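**Student:** what's the 3D shape of this:
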Amino acid sequence: MSDCIFCKIVKEEIPSTRVYEDEFVIGFRDLNPLAKEHLLFIHRDHSKDINDLSDANPAQLSDVFKAISSYSKSSGLASSGFRVVTNLGSDGCQTVFHTHFHVLGGEKLGGFGS
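**Tutor:** From the prediction side, this is the model:
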């Protein structure tokens, strides 16, 4: 999509601080971090949200989670733990309509329990 900010990041039309990249997925730092480590992981192919991605091409979910696994292990983030979050729709506070996963960690996170 030509007006999608994350598609523009994929095409390098908008700069980002990339921490991970392979043929399917890009991981980059969030501009407004909510934790010491706050990264966004996106598939290079556009989908609008997790339901769209799951319905249209569920294999892309595997691509993204393999990338998160690879990054978290190589960066050391996996050793202390992290959280993965995705938002859907207005009640879920989705503001960018390109499926993306927030990876939060680097410190003790509050909320949610077990």
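
**Student:** show me where the chain has its strands.
**Tutor:** Taking DSSP state E as the test, the strands found in the chain are 18-21, 25-29, 37-43, 82-85, 100-105.

**Student:** partners of the third one in the sheet?
**Tutor:** The partner list of strand 37-43 in its sheet, established with DSSP bridges, is strand 25-29 (antiparallel), strand 100-105 (antiparallel).

**Student:** okay, how far is it across stretch 84-98, tip to tip?
**Tutor:** By C-alpha to C-alpha, to the nearest Å, the extent of stretch 84-98 from end to end equals 16 Å.

**Student:** got a list of contacts for it?
**Tutor:** By C-beta atoms under 8 Å, 6 or more residues apart in numbering, the list of residues contacting stretch 84-98 from outside reads 1, 4-7, 42, 46-51, 68, 99-104. Any C-beta I mention is one placed from the backbone N, CA and C, and that applies to glycine too.

**Student:** 10 Å - rerun?
**Tutor:** Residues outside stretch 84-98 that contact it (C-beta atoms under 10 Å, 6 or more residues apart in numbering) are 1, 3-10, 34, 39-43, 45-53, 64-65, 68, 72, 99-105, 112.

**Student:** list the buried residues of it.
**Tutor:** 87, 94, 97-98 (16 or more other C-beta atoms under 10 Å).

**Student:** between those, which sits nearest Val25?
**Tutor:** Sorting the buried residues of stretch 84-98 by distance to Val25 puts His98 at the head of the list, at 12.5 Å, by C-beta to C-beta.

**Student:** so where's the protein uncertain?
**Tutor:** Within the chain, the ranges that satisfy pLDDT under 70 run 1-2, 113-114.

**Student:** tell me the contacts of Ser79?
**Tutor:** Per C-beta under 10 Å, 6+ apart, neighbours of Ser79: 72-73, 105.

**Student:** got a quick ChimeraX command for the buried subset of those?
**Tutor:** In ChimeraX, this line selects whichever of the contacts of Ser79 come out buried by 16+ other C-beta under 10 Å:
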select :72,105
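
**Student:** would TSV of the strands of the chain with distance to Gln60 be doable?
**Tutor:** Rendered in TSV, the data for these read as follows (distance: least, C-beta to C-beta, whole Å):
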stretch	distance to Gln60
strand 18-21	15
strand 25-29	9
strand 37-43	5
strand 82-85	15
strand 100-105	11
